[in-house]
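In: Coordinates for the following, if possible.
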Amino acid sequence: MKQQTNQSIMQMKGKLIVSCQALPDEPLHSSFIMGRMALAAKTGGACGIRANTKEDILEIQSQVCLPIIGIVKRDYSDSSVYITPTFKEVEELMEVQPEIIALDATGSLRPGNMELSDFFFCLKERYPSQLWMADCSTVEEALYADALGFDFIGTTMVGYTPQSKGMKIEADDFSILRQIIQHAEHPVIAEGNIDTPAKAKRVIELGAFCVVVGSVITRPQLITRSFAQALKD
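Out: The predicted model follows:
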């Protein structure tokens with residue numbers, strides 16, 4: 001099984017991963033729709049899917065045979081961490097066994113004031129064969145997650161945390177990404193505001209293992225808004 005997983009992951013190298021997510025307040029919120037969205041992504045050439053919740057992942061698995069980066073987004077009152085924040089979310093994901101589980105690896109404390117290192121070491125002990133992705137917002141966070149032993153380091157949170165406010169992944173020819181790639185031992189996944197084919201191609205040229213693209217492909221309300229706003233302006 002582990003050999004099959006490794007072969008599946010290697011198919012992602014240098015390729016496009018499409019994030020198929022729709023939150024409860026979005027028009028396309030539906031596991032059925034996300035399954036068809038993943039099928040459309042595969043038809044278009046995607047080699048992997050990033051998905052939220054075990055329900056969506058189960059439906060996606062029924063439609064495509066592609067490796068999945070799984071997450072659960074859930075808010076807790078005592079923490080700003082919302083991407084796979086506690087053991088509860090990990091246990092839910094393990095029911096559908098995505099190839100990779102991603103979780104917030106920023107400097108913020110998790111619910112219950114748990115440190116990232118304590119959380120991650122417990123996960124590694126419970127699920128030694130599972131692959132883990134660190135969603136980071138700064139170079140320092142990324143290299144810390146790399147040292148902890150995450151299998152993949154992601155730029156997912158750049159610009160979305162207080163410590164990365166104002167940062168843009170594409171700034172200065174992807175300077176943040178280039179620094180992480182230069183110093184990290186584990187593969188780096190480029191993700192976050194990569195909204196053109198040219199940017200996707202560039203991050204692969206810079207050495208990213210693969211690239212995750214989401215809203216510009218799978219959130220039609222945001223795509224529509226950009227056109228409508230351009231005409232309004």
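In: For whatever helix or strand Glu92 lives in, the averaged confidence score.
Out: Element membership for Glu92, per DSSP states H and E: helix 87-94. For helix 87-94, the mean pLDDT works out to 98.
In: Output that helix as CSV, nothing but the C-alphas.
Out: The C-alpha coordinates for helix 87-94 follow below in CSV (Å, rounded to 0.1, in the frame of the first residue of the first chain):
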residue,chain,number,x,y,z
PHE,A,87,-7.1,15.4,16.4
LYS,A,88,-10.9,15.3,15.7
GLU,A,89,-10.4,16.6,12.1
VAL,A,90,-7.5,14.3,11.5
GLU,A,91,-9.5,11.3,12.7
GLU,A,92,-12.3,12.3,10.3
LEU,A,93,-9.9,12.4,7.4
MET,A,94,-8.3,9.1,8.3
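In: Ignoring the adjacent residues along the chain, who's closest to Ile83?
Out: Closest residue in space to Ile83, ignoring its immediate chain neighbours: Asp104 at 4.3 Å, by C-beta to C-beta, 6 or more residues apart in numbering. C-beta here means a position set from N, CA and C on the backbone, and glycine is covered the same way.
In: go on, Ser215?
Out: According to C-beta to C-beta, 6+ apart, the nearest residue to Ser215 is Leu222 (5.1 Å).
In: Over to Asp151?
Out: In space, Asp151 is closest to Leu131, 4.5 Å off (C-beta to C-beta, 6+ apart).
In: The one you found bridge partners, please.
Out: Taking DSSP bridges as the rule, Leu131 bridges to Ile100.
In: Tell me the pLDDT of Thr5.
Out: pLDDT, Thr5: 59.
In: what are the ranges of the helices in this protein?
Out: With helices called from DSSP state H, the chain shows them at 2-10, 31-44, 54-63, 87-94, 116-126, 139-148, 171-183, 197-205, 215-218, 220-232.
In: mind checking which of those helices is nearest Cys20?
Out: When the helices of the chain are compared by C-beta to C-beta, helix 31-44 sits nearest Cys20, at 4.4 Å.
In: What average pLDDT does the closest one get?
Out: Helix 31-44 comes out with an average pLDDT of 98.
In: before we move on, what about stretch 112-132?
Out: Stretch 112-132 comes out at a mean pLDDT of 98.
In: Give me the buried positions along it.
Out: 114, 116, 119-120, 123, 127, 130-132 (16 or more other C-beta atoms under 10 Å).
In: Likewise for stretch 59-77?
Out: Residues of stretch 59-77 classed as buried by neighbour count (16+ other C-beta under 10 Å): 59-61, 63-64, 66-72, 74.
In: Make CSV from those residues and add pLDDT to it.
Out: Shown next, in CSV, are the buried residues of stretch 59-77 (pLDDT from 0 to 100):
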residue, pLDDT
Glu59, 98
Ile60, 98
Gln61, 98
Gln63, 98
Val64, 98
Leu66, 98
Pro67, 98
Ile68, 98
Ile69, 98
Gly70, 98
Ile71, 99
Val72, 98
Arg74, 98
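In: Same list, these, but as CSV with distance to Val203 please.
Out: Supplementary listing: the buried residues of stretch 59-77 in CSV, determined by distance: C-beta to C-beta, whole Å:
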residue, distance to Val203
Glu59, 29
Ile60, 24
Gln61, 27
Gln63, 27
Val64, 23
Leu66, 20
Pro67, 19
Ile68, 21
Ile69, 16
Gly70, 22
Ile71, 20
Val72, 26
Arg74, 29
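In: ok, the residue nearest to Asp151 to Leu23 distance?
Out: 25 Å (C-beta to C-beta, to the nearest Å).
In: List the contacts of Lys199.
Out: Glu170 (C-beta atoms under 8 Å, 6 or more residues apart in numbering).
In: can you tell me how far it sits from Ile57?
Out: Remark: distance between Lys199 and Ile57 (C-beta to C-beta) = 27 Å.
In: Many thanks, have a good one.
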